[in-house]
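J.: Provided below are the primary sequence and the corresponding predicted coordinates.
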Amino acid sequence: MNKEKSQSILRMREVEHKTYRTIGISLGVSPSRASSLYKKAVQERNRQNRDPFYSLSIRLCNVLFMRNIRTVKQLKKEIQSGKLHPNNYGYWSARNYGWKTHSAVREFLGLAPEIPHGKHFHIPPPPSTTPIK
């Protein structure tokens, strides 16, 4: 169910106090289906309110769960201290936490992107400004 549809169902039921029958008529579905769509929209809304990492990928949420990071504040502290970083090995390493995931976390937190460096990454030199003959 798309976001606009779920918001309209929530608005019709909670703000306008419409019955499932009238919601079903306006959506072109049965009252039973309107009821199940409403319940699904409520569950989705509750999940968004409960989960601070709702917009992140499942893989990244699993990494944060395994690292016992439950709040955005904890995540920001781990990133800024360098404990959660793709180049960490040993105790602080996190499985499935690479540069792509690191970039997504930094973007989520509103931090400046970090350029990967090291022997595995090749950053090409800037193009020359001299004309080619």
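T.: Now that the structure is in, tell me what you want to look at.

J.: contact partners for residue 61?
T.: With contacts defined as Cβ atoms under 8 Å, 6 or more residues apart in numbering, residue 61 is in contact with residue 53. In short, each C-beta sits where N, CA and C put it, glycine included.

J.: residue 51 versus that one, what's the distance?
T.: When distance is defined by Cβ to Cβ, to the nearest Å, residue 61 is 8 Å away from residue 51.

J.: which residues do the two both contact?
T.: With Cβ under 8 Å, 6+ apart applied, the contact sets of residue 61 and residue 51 do not overlap.

J.: so where do the helices sit in the chain?
T.: For the chain, applying DSSP state H gives helices covering 3-10, 20-27, 31-50, 58-66, 72-81, 99-109.

J.: turn those helices into TSV, including mean pLDDT and distance to residue 115.
T.: TSV is the format used below for these (pLDDT from 0 to 100; distance: least, Cβ to Cβ, whole Å):
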stretch	mean pLDDT	distance to residue 115
helix 3-10	89	34
helix 20-27	94	49
helix 31-50	86	32
helix 58-66	85	20
helix 72-81	89	15
helix 99-109	87	9
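
J.: next, format the ones you listed as JSON lines and append distance to residue 88.
T.: JSON lines is the format used below for these (distance: least, Cβ to Cβ, whole Å):
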{"stretch": "helix 3-10", "distance to residue 88": "36"}
{"stretch": "helix 20-27", "distance to residue 88": "50"}
{"stretch": "helix 31-50", "distance to residue 88": "30"}
{"stretch": "helix 58-66", "distance to residue 88": "12"}
{"stretch": "helix 72-81", "distance to residue 88": "10"}
{"stretch": "helix 99-109", "distance to residue 88": "10"}
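
J.: buried ones in stretch 25-41?
T.: Buried residues in stretch 25-41, counting neighbours by 16 or more other Cβ atoms under 10 Å, are found at 34, 35, 37, 38, 41.

J.: wait, stretch 100-108
T.: 101, 102, 105, 108.

J.: can you check stretch 104-120 too?
T.: Going by neighbour count (16+ other Cβ under 10 Å), the buried part of stretch 104-120 is 105, 108.
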